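J.: What shape does this take:
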Amino acid sequence: MRPFRFRAESALELRRKHEDEARRQATHAQNAAAMADERLAAAQAQADQAGAHLIDVQSHGAPIWLIDWHRSWILKQSREVADCRLQAATAHATAARASAALHEAHRKRRVLERLRERLQARHAREADRQELAQMNELATMRYHIAHGERKEQL
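T.: Predicted coordinates for the structure are as follows:
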């Protein structure tokens, strides 16, 4: 019997490459989301620090122009926080899409791998069946040869 050969091996290799690319993109998207979260946390910390600084300035009796400047600065910080929050949400949405694409690529690869495993098992069963048939034929021939020699001796 010929050795097992999976005809769709090239398709399986292509699916592996697609899965590797999807994994790379998912990792990149997750890293981008983590960096966006870090930027958001830093912006939020700066906004909180600006608010605390305004309270400190007000408690020391600062002039109105300085208080207005701090309020403007806090408003700018709040806008940066909102921008960072939007960027983080976008990055997380991109990471979720990349993760879904990775899951789909993994599923497609596993479909072909399971097909290969089933075909390989079927091939092995057929090889075992043929080997057993050959062994039975050999045993039958030995029996007939031995039985024929006994008749000649009688």
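
J.: C-alpha from now on. contacts and neighbour counts both.
T.: Noted.

J.: which stretches of the protein have low pLDDT?
T.: Applying pLDDT under 70 to the chain flags the ranges 153-154.

J.: Just give me the longest helix of this structure.
T.: helix 64-153 (DSSP state H).

J.: That helix packs against which elements?
T.: The helices and strands touching helix 64-153, judged by 3 or more Cα pairs under 8 Å, 6 or more residues apart in numbering; DSSP states H and E, are helix 9-59.

J.: now the helix it packs on: how far from the chain's centre is it?
T.: Put simply, helix 9-59 sits 18 Å off its chain's centre (Cα atoms, centre = their mean, to the nearest Å).

J.: Now do it and helix 64-153, the angle between them.
T.: 160 degrees (axes from the mean of the first three to the mean of the last three Cα atoms, to 10 degrees).

J.: now for helix 9-59, which elements pack on it?
T.: helix 64-153.

J.: from the chain's centre, how far out does the helix it packs on sit?
T.: 9 Å.

J.: Then stretch 45-62?
T.: Taking mean C-alpha positions (Cα atoms, centre = their mean), stretch 45-62 and its chain are 46 Å apart.

J.: in it, what counts as buried?
T.: 46-47, 50-51, 54 (16 or more other Cα atoms under 10 Å).

J.: Output that stretch as CSV - backbone C-alpha positions only.
T.: The C-alpha trace of stretch 45-62 is given here as CSV (Å, rounded to 0.1, in the frame of the first residue of the first chain):
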residue,chain,number,x,y,z
ALA,A,45,-3.5,61.3,36.3
GLN,A,46,-2.4,64.6,34.8
ALA,A,47,-6.0,65.9,34.9
ASP,A,48,-6.4,64.8,38.5
GLN,A,49,-3.1,66.5,39.3
ALA,A,50,-4.2,69.7,37.6
GLY,A,51,-7.4,69.7,39.7
ALA,A,52,-5.5,69.2,42.9
HIS,A,53,-3.1,72.0,41.8
LEU,A,54,-6.0,74.4,41.2
ILE,A,55,-7.3,73.7,44.7
ASP,A,56,-3.9,74.3,46.1
VAL,A,57,-3.6,77.6,44.2
GLN,A,58,-7.1,78.7,45.3
SER,A,59,-6.3,78.0,48.9
HIS,A,60,-3.4,80.3,48.8
GLY,A,61,-5.4,83.3,47.5
ALA,A,62,-4.2,83.4,43.9
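
J.: Contacts for it next, please.
T.: 67, 70-71, 73-74, 77-78, 81 (Cα atoms under 8 Å, 6 or more residues apart in numbering).
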